[in-house]
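Visitor: Quick one: sequence plus predicted model below, questions after.
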Amino acid sequence: MEGVKKKRKIAAGGEPQVSAKKQKTKAQPQKSTKKARRAIALDSLRWKTSKLPAMLDDAEGFYGLEEVDDVEVFRNADNTLEFRAADAKSDTASEAANDSADEFEGFDDEPAEKDEQPTTPAVEQSGAKREAKGKKDAKSDTKAESKPEKKADKKADKKAKTASPLVEDPQLESNVFGALADAGDMQDEADMSAWVSLGLSPQLLSSLAKLKFAKPTAIQAAAVPEVLAGHDVIGKASTGSGKTLAFAIPIVERWLDATEAEGETPPESKGPIALILSPTRELAHQISDHIKALCEGLPTSPFVCSVTGGLAVQKQQRQLTKADIVIATPGRLWEVLSGSPELMGKFKEIGFLVVDEADRLLTEGHFKEAEQLFNALDRYEAEENDEPVQDQTRRQTLVFSATFHKGLQQKLAGKGKYGLMNQQDSMEYLLKKLNFREEKPKFVDVNPVSQMAEGLKEGLVECGAMEKDLYLYNILLLYPNARSLIFTNSISAARRITPMLQNLNLTSYPLHSEMPQKARLRSIERFSSINGKASILVATDVAARGLDIPNVDLVIHYHVPRAADAYVHRSGRTARAQKTGLSILLCAPEEVVPTRRLISKVHSERKGAGKNHFVQTLDMDRKLASRIKPRVTLAKKIADSVLAKEKGSKDDDWMRKAAEELGVEYDSEEIENAGKWGGRGRVRKEKQKEARSMTKAELGALRGELKALLSQRVNTGVSEKYIATGLVDIDELLKGAKGEFLGRVDGLDIESL
Ligand SMILES: Nc1ncnc2c1ncn2[C@@H]1O[C@H](COP(=O)(O)OP(=O)(O)OP(=O)(O)O)[C@@H](O)[C@H]1O
């Protein structure tokens, strides 16, 4: 017995033409059934147009192939072939059916059972592939479809029971599933029908299936068609909602089109198709990885190149000569391009300019470098007087963020009064700088009401300014296995909190802009790779935007952020991609007013009993806090001492060098005493001096003390309420504790989110 599938050719758009293969078999006499199968005439079968993988689109001679499922080919003693219809039922059942001498009526596309599907894309696709391969030797075709085919068939049968490919466009569906089947085992399970209406190529659909992205997110569904239709787009969607692919998918699609049109990968002289600007290096690398992952499943991939510093300018210039998609921080790209008029010329021809996290990149303080770049990209030499002029751009401009300035948002949405807007503050002014191709770019806002991710819960802990370390530790203890991201407003706080938490046996890493690039990436990598136990990243706002670290459970704002958008982006590091997460603000009395303002801004569009309603005040167990206070105090003291010593030796180094250059004798004591400290800085300096003067033995003793404290159990699972009611024997409970921290904060529970 050989094969389950046959193919034939048809003339494009015409009636089926019986192939040599088929003519030969048609001449065979119809024999009586063997086992559960009956011999059948080939024309009575339901032939379907074969689905060819997109990469075979240009494989001449294979247009118009048809195929049929579930037919077995028997070779008779006289060497003739006979085709028998497979029966889904058991052999006995089939025999019974055969006995009743029912005429074969062909295969039915209707499922035998309610949710059963008749065809199996994986099998069809592999069949199509084989057909292409077997063009030279039609006879070997059936042999090639022996055992592996049966296996595939079984698998396909299994899949047919679960799949529900209800797609409106059958041609597209066939392409889609054809391509998916080609993508291997995983794709056997994939139903990609939700992507179909976006008009993507089978290659890209196959890649998306490999990423296991079964359906587009709201921003992808809304923005991709607009971009593919050639519009400039401003896209707004909450954090973690897939904005990267919303612009990356159409870019890669356009690259595929261009590559296909040229036959080969575009030559080096072509220049990049897209430039994506990111405000931070980490985000640029992440976008680059994201696009590479999307392209991994393609038959040929674009060259994706990130330009963020770290590599020599010449090396980056060389890389840029062959780049198809470039992701860059504006300052560095400007540095690289301004030294190469040839490269600059190529960048003037890009098809897409994407500004990710646009509101950040285009605001005061960050826009300067970007502005230089935009001006250069848009400047063309006028033919007549050789004066540089701003040309109407040919490229599409795509601008994405989770937060946009409210005035701009209203204007884009066609509401509000704009005349009163301060131009410098509004993004309108900045958007003008982007030189949109269309007078009115498409504004796609998929979360007009809330900027926050759906699965996010927000909480607030009120505590004294000097108690923040204590309550930070307290919260971390309540979530012993969480991946937590702590945001501070200053580099020095991030520097201090990290070793303090490490002293408390919590795995923590720092992240701030004064760290070398490699150390920054290493911190993110280590933080992301620890699974199953607490892992903490203490970061400044350098990590607030765009970073997509998987499974961050908890975001803690150690300091109340200075702006509402920072709060949105920081909190958006958790509850990404439909997941859940917590965001907790540590709020000191002097931060209450800015916090209120911030919350009412962030939740301004939401309906509810007051804006603050969306952020729950959390009552922490004061008794627990007092129990853990001694260890926090010690951990802090040790960290401060180590930091002061490090800082001291750095300052010493600097001063020694300065003294040497001036040709004077260096005496640190003298120099320090000569400095006139006053005001607020004096106390700090004195504290630093004290911490710095701690001897090794003193430090060792503190460490020993802390170690002893840390070895004691603290049960966080007993709330003050229980203690107050007196219904529970606390000592008994503490005895039963397994050395783990079991507490929870009422109303905020990671598991129950
Ligand atoms: N269609 C999809 N289905 C499932 N997951 C997706 C899909 N598209 C993207 N993702 C995943 O969602 C996560 C968040 O995506 P992305 O980083 O693009 O979010 P974002 O909207 O840009 O967030 P931010 O505003 O914080 O920058 C990523 O891990 C990404 O792989």
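Guide: That came in fine, so what should we check first? It should be emphasised that the depicted structure is a prediction, and the values quoted were computed from it without experimental measurement.

Visitor: who touches the nearest residue to residue 216 once chain neighbours are set aside in this structure?
Guide: Take residue 216 and drop its neighbours on the chain: the residue closest to it by Cβ to Cβ, 6 or more residues apart in numbering is residue 195, 5.8 Å away. C-beta here means a position set from N, CA and C on the backbone, and glycine is covered the same way. By Cβ atoms under 8 Å, 6 or more residues apart in numbering, the contact list for residue 195 reads 176, 205, 208, 215, 216.

Visitor: Including pLDDT, could those residues go into TSV?
Guide: Below are the contacts of residue 195 laid out as TSV (pLDDT from 0 to 100):
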residue	pLDDT
176	29
205	93
208	95
215	93
216	96
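
Visitor: got the residues of the protein near the ligand?
Guide: 213, 216-217, 220, 237, 239-245, 402, 546, 548, 572, 576-577 (Cβ under 6 Å from any ligand atom).

Visitor: Checking my notes, residue 477 in a helix, right?
Guide: Yes: assessed by DSSP: H, G, I helix; E, B strand; the rest coil, residue 477 belongs to a helix.

Visitor: Surely it touches residue 628?
Guide: Yes: contact criterion Cβ atoms under 8 Å: residue 477 and residue 628 qualify, at 7.2 Å.

Visitor: Need the overlap of contacts for those two.
Guide: residue 714.

Visitor: in what helix or strand does residue 290 lie?
Guide: In this assignment (DSSP states H and E), residue 290 forms part of helix 281-295.

Visitor: which parts of that helix are buried?
Guide: 281, 282, 283, 284, 285, 286, 287, 288, 290, 291, 294, 295 (16 or more other Cβ atoms under 10 Å).

Visitor: I'd like those as a markdown table, with pLDDT appended.
Guide: Formatted as a markdown table, these follow (pLDDT from 0 to 100):
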| residue | pLDDT |
| --- | --- |
| 281 | 87 |
| 282 | 88 |
| 283 | 92 |
| 284 | 93 |
| 285 | 92 |
| 286 | 94 |
| 287 | 96 |
| 288 | 96 |
| 290 | 96 |
| 291 | 97 |
| 294 | 96 |
| 295 | 96 |
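
Visitor: Am I right that residue 517 is in contact with residue 284?
Guide: No: using Cβ under 8 Å, residue 517 is not in contact with residue 284, being 11.2 Å away.

Visitor: Please name the bridge partners of the closest residue to residue 230 other than its chain neighbours.
Guide: Once flanking residues are discounted, residue 230 sits nearest to residue 396: 6.5 Å by Cβ to Cβ, 6+ apart. With DSSP bridges as the criterion, residue 396 is bridged to residue 352.

Visitor: residue contacts, residue 396?
Guide: So residue 396 contacts 227, 230, 231, 232, 233, 351, 352, 353, 437 (Cβ under 8 Å, 6+ apart).

Visitor: surely the third one meets residue 439?
Guide: Looking back up the chat, that one is residue 231. No: using Cβ under 8 Å, residue 231 makes no contact with residue 439, being 11.4 Å away.

Visitor: more crowded one of those two?
Guide: residue 231 (19 against 6; other Cβ atoms under 10 Å).

Visitor: where do the helices sit along the stretch 501-650 of the chain?
Guide: 517-529, 564-571, 592-602, 622-662 (DSSP state H, counting those that start in this stretch).

Visitor: Just the buried residues of the third one, please?
Guide: By neighbour count, with 16+ other Cβ under 10 Å as the criterion, the buried positions of helix 592-602 are 595, 598, 599, 601, 602.

Visitor: How about the first one?
Guide: Burial within helix 517-529, assessed by neighbour count using 16+ other Cβ under 10 Å, is assigned to 520, 521, 523, 524, 527, 528.

Visitor: So which of the residues you listed sits lowest on pLDDT?
Guide: Lowest pLDDT among the buried residues of helix 517-529: residue 521, with 87.

Visitor: Which residues are in contact with residue 587?
Guide: Neighbouring residues of residue 587 by Cβ under 8 Å, 6+ apart: 460, 461, 462, 463, 560, 595.

Visitor: beta partners of it?
Guide: Judged by DSSP bridges, the bridge partners of residue 587 are residue 462.

Visitor: Could you check how far it is from residue 240?
Guide: Look at residue 587 and residue 240: by Cβ to Cβ, to the nearest Å, they are 24 Å apart.

Visitor: Repeat that for residue 489.
Guide: 23 Å.

Visitor: which one of those two has more residues nearby?
Guide: Set residue 489 next to residue 240 and count neighbours by other Cβ under 10 Å: residue 240 wins out with 24 against 16.

Visitor: What distance do you get for residue 537 to residue 342?
Guide: Going from residue 537 to residue 342 by Cβ to Cβ gives 41 Å.

Visitor: Separate out the buried members of the contacts of residue 396.
Guide: By 16+ other Cβ under 10 Å, those give 227, 231, 232, 233, 351, 352, 353, 437 as buried.

Visitor: Pretty sure residue 235 sits against residue 223.
Guide: Yes: with contact defined as Cβ under 8 Å, residue 235 counts as touching residue 223 (4.7 Å).

Visitor: Overlap of the contact sets of the two?
Guide: 246, 247, 444.

Visitor: Let me know the pLDDT of the last one.
Guide: It refers to residue 444. 90.

Visitor: Tell me which other helices or strands the helix or strand where it lies touches.
Guide: According to DSSP H and E, residue 444 maps onto strand 442-445. Packed against strand 442-445 by the contact rule (3 or more Cβ pairs under 8 Å, 6 or more residues apart in numbering; DSSP states H and E) you find helix 218-228, strand 233-236, helix 406-412.

Visitor: Would you mind listing where the stretch 51-200 of the chain has pLDDT under the threshold?
Guide: Applying pLDDT under 70 to the stretch 51-200 of the chain flags the ranges 51-190.
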